[in-house]
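sequence first, then the predicted structure:
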Amino acid sequence: MPRLYALVLSGGAGTRLWPRSRRARPKQFLDLVGESSLLQDTVERVSDLIPTERVFLVAPPEHRSLIHEQLPGLAADHVVVEPYPRGNAAAVALAMASLQALDPDAVVVVLPSDHVIRDRRAFRDVLLSAAAAADVGYIVTLGIEPEGPDTGFGYIEAGAPLPVAGPIPVRAVKRFIEKPGREAALRMVGAGGYYWNAGMFVWRVSVVLEAYREHLPHTAKAIEALTEALGSPRYEQVLADAWEETDRTTIDYGIAEKAANVAVVPAVIGWHDVGSWARLAEVALVGTTGGVIARDAERNFVHAPGKLVTLIGVSDLVVVDTPDALLVSARDRAEDVKAVVDGLEREGRQELL
């Protein structure tokens, strides 16, 4: 097996999980599904393959102290700071500059910090197959076996099997599909061979850098400049100058959808994206609370630490109580929380953001 590194993407404000997720402590730093935070779980679930000394994070500067608070064993220089958001293709490029200087033959597992994965043994097998494919030159994405015709995810159409040894078969990627309508999603799920795109990748540093040079040349130029400046007093100035010139896009659009050497490993791993209260409710219908009494009440999600919550004759609600804000929403309107946060920002209610 190649020498594996992990790159955890720890940006994002998590506004759809307000009022728990705030600017000062966004969702990846919260214990939403257990005693550990989503970030801590992300690092811990790969620890048998990737020790902490080979873990890197990309994050905005305001998250640096939170990261070291939650991951005290992480080396200070393994937190790669993005000056301001320009899409995750630029954020990943920052870390690739550091890894190129450290180990240009490294195989890197790129993971968002806000996912839930229940079956860690199956996830390990998926990573082993993905690493084997990356080792022979593929840019590998993990394709989540769809549980239904969900229209909230992009899809990956898998092609022919590839001659890669591993516990899970690896397939070529025929195409990426934008978030579909319901009828298209039903057709894809019924046909088989289509997977949800979860934004998890595995690649060799040298291979993805070649893809940057081919498809995102402005970002590739920034990587070269940053690699040359690493460890020198001029790094911060080079970063400030180069960052504005990077391509403002994502890995999916900028690299994966354009490259010819993209593979997919089907993943049945108990995966959940907890990007909203409705998504989180799929993982646990009753959240952290002092207790719930329910009478003729079903499919409700409650988070109210230290309080007894009584639900009578109501269903499909999200109830989230914090010291300064209370959210009560229909589960199918939970995505609208982001609009509430946008409104608070327009009104200058910074104390609630």
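Sure, I can see it.

what sits against the closest residue to residue 31 other than its chain neighbours?
The shortest distance from residue 31 to any non-neighbouring residue, by Cβ to Cβ, 6 or more residues apart in numbering, is to residue 37 (5.5 Å). Yep, even glycine has a C-beta here, placed from its N, CA and C like the rest. By Cβ atoms under 8 Å, 6 or more residues apart in numbering, the contact list for residue 37 reads 28, 29, 30, 31, 70.

could you give the bridge partners of residue 325?
Residue 325 has the following beta-bridge partners by DSSP bridges: residue 322.

that one contacts residue 21, doesn't it?
No - in this structure, residue 325 is not within contact of residue 21 by Cβ atoms under 8 Å, at 11.4 Å.

who has more neighbours, the two?
residue 21 (23 against 15; other Cβ atoms under 10 Å).

isn't the more buried one right up against residue 15?
Yes - in this structure, residue 21 is within contact of residue 15 by Cβ under 8 Å, at 6.9 Å.

next, show the common contact partners of the two.
If you check residue 21 and residue 15 against Cβ under 8 Å, 6+ apart, no residue is contacted by both.

so where is the stretch 1-150 of the chain shaky, pLDDT-wise?
Along the stretch 1-150 of the chain, the model assigns pLDDT under 70 to no residue.

all strands for it, in order.
Per DSSP state E, counting those that start in this stretch, the stretch 1-150 of the chain carries strands over the ranges 4-9, 55-59, 79-81, 107-112, 115-117, 139-144.

closest one to residue 184 among the ones you listed?
strand 139-144 (16.9 Å; Cβ to Cβ).

can you list the strands that that closest one pairs with?
According to DSSP bridges, strand 139-144 forms sheet pairs with strand 194-204 (antiparallel), strand 262-267 (parallel).

to residue 238, which of those lies closest?
Closest approach to residue 238 among these (Cβ to Cβ): strand 194-204, 24.5 Å.

name all residues that make contact with residue 283.
Applying Cβ under 8 Å, 6+ apart to residue 283 gives the contacts 33, 116, 272, 274.

from residue 338, how far out is the residue lying closest to residue 26 once chain neighbours are set aside?
Nearest non-adjacent residue to residue 26, counting by Cβ to Cβ, 6+ apart: residue 14, 4.1 Å away. Taking Cβ to Cβ, to the nearest Å as the measure, residue 14 and residue 338 are separated by 10 Å.

one more: residue 182?
Distance, residue 182 to residue 338, by Cβ to Cβ: 22 Å.

neighbour count winner among those two?
For residue 182 versus residue 338, neighbours defined as other Cβ under 10 Å are more numerous around residue 338 (16 against 10).

the more buried one contacts residue 16, correct?
Yes - look at residue 338 against residue 16 with Cβ under 8 Å: they come within range, at 4.9 Å.

show me the contacts for the nearest residue to residue 82 once chain neighbours are set aside.
Excluding the flanking residues, the one nearest residue 82 by Cβ to Cβ, 6+ apart is residue 91, at 4.8 Å. Contact analysis of residue 91 by Cβ under 8 Å, 6+ apart lists 9, 11, 58, 82, 85.
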